[in-house]
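K.L.:
Provided below for reference: sequence and predicted model.
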Amino acid sequence: MTERKLELYKGDITQLAVDAIVNAANSELRPGGGVCGAIHRAAGPELAEACRRLGGCPTGESRITPGFGLPATHVIHAVGPVWQGGDSGEEDALASCYRNSLRLAEENGLDSLAFPAISTGIFGFPMARAARIAVSSVREAMKMQVHPARVVFCVFDEETAAVYRDLLSGDSPE
């Protein structure tokens with residue numbers, strides 16, 4: 001069996017040479033700000049056109065496109081929830097984003113996948129809570145799926161990196 005790996009990378013997700021990067025997308029799959037805007041700028045205008053053809057994506061779900069100008073072969077667009085205080089199903093919707101992204105990786109035979117901290121930017125999800133959901137959702141899926149064998153949590157700042165480091169310390173997904 002292929003070695004299973006969870007990794008942390010602090011830097012620009014658009015620079016990662018993996019099978020797919022995950023875009024923290026809006027439900028219209030339009031270029032936006034933050035990670036979404038950076039991914040669209042790096043991929044080029046073909047990405048926006050491919051997203052337009054998909055016709056949107058509901059919260060908690062994911063869609064896949066080619067990576068176009070990115071080092072990553074594919075982009076998985078995951079629509080996370082907007083934080084409403086925690087009593088509106090946000091945790092379940094966020095976990096669903098990760099599960100659906102991992103399902104697409106499995107269906108497409110993708111061995112490596114990089115996630116940003118979905119919903120923690122302008123969507124306002126508390127970062128530590130989102131990180132816990134991200135890591136636990138990925139660990140669960142990796143127990144049941146062949147693909148991906150490698151998942152990278154890509155973060156932008158040291159504070160977020162420290163939270164992920166604590167969550168990832170000392171154990172493997174198996």
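P.N.:
Happy to help now that I have it. Computed from a prediction, not measured in an experiment: that's the story for all the values here. Numbers count the residues shown, from 1 in each chain.

K.L.:
wait, what's in contact with the residue most central in space within the chain?
P.N.:
With distances taken as C-alpha atoms, centre = their mean, the chain has residue 115 as the residue nearest its mean C-alpha position (3.2 Å). Contacts for residue 115 (C-beta atoms under 8 Å, 6 or more residues apart in numbering) come out as 22, 98, 101, 134, 138, 151, 152, 153, 154. C-betas here are computed from N, CA, C, even on glycine.

K.L.:
per-residue confidence at the fourth one?
P.N.:
Each residue has a pLDDT score; the one for residue 134 is 97.

K.L.:
surely it meets residue 153?
P.N.:
Yes: the pair residue 134 / residue 153 is scored as a contact, 6.6 Å apart, by C-beta atoms under 8 Å.

K.L.:
any common contacting residues for these two?
P.N.:
Residues touching both residue 134 and residue 153 (C-beta under 8 Å, 6+ apart): 115, 117.

K.L.:
hang on, the earlier thing: by neighbour count, which of the contacts of residue 115 wins?
P.N.:
Counting neighbours by other C-beta atoms under 10 Å, residue 22 comes out on top of these with 32 neighbours.

K.L.:
Could you pull up the residues touching that one?
P.N.:
Counted by C-beta under 8 Å, 6+ apart, residue 22 has contacts 62, 75, 76, 77, 78, 101, 113, 114, 115, 116, 118.

K.L.:
Can I get the strand or helix carrying it in PDB? Just the C-alpha atoms.
P.N.:
Using DSSP states H and E, residue 22 sits within strand 20-25. What follows is strand 20-25 as a C-alpha-only set of coordinates in PDB (Å, rounded to 0.1, in the frame of the first residue of the first chain):
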ATOM      1  CA  ALA A  20      -5.200  19.200  -7.600                       C
ATOM      2  CA  ILE A  21      -5.500  22.200  -5.400                       C
ATOM      3  CA  VAL A  22      -8.700  23.100  -3.700                       C
ATOM      4  CA  ASN A  23     -10.200  26.500  -4.300                       C
ATOM      5  CA  ALA A  24     -12.200  28.000  -1.500                       C
ATOM      6  CA  ALA A  25     -14.900  29.000  -3.900                       C
END
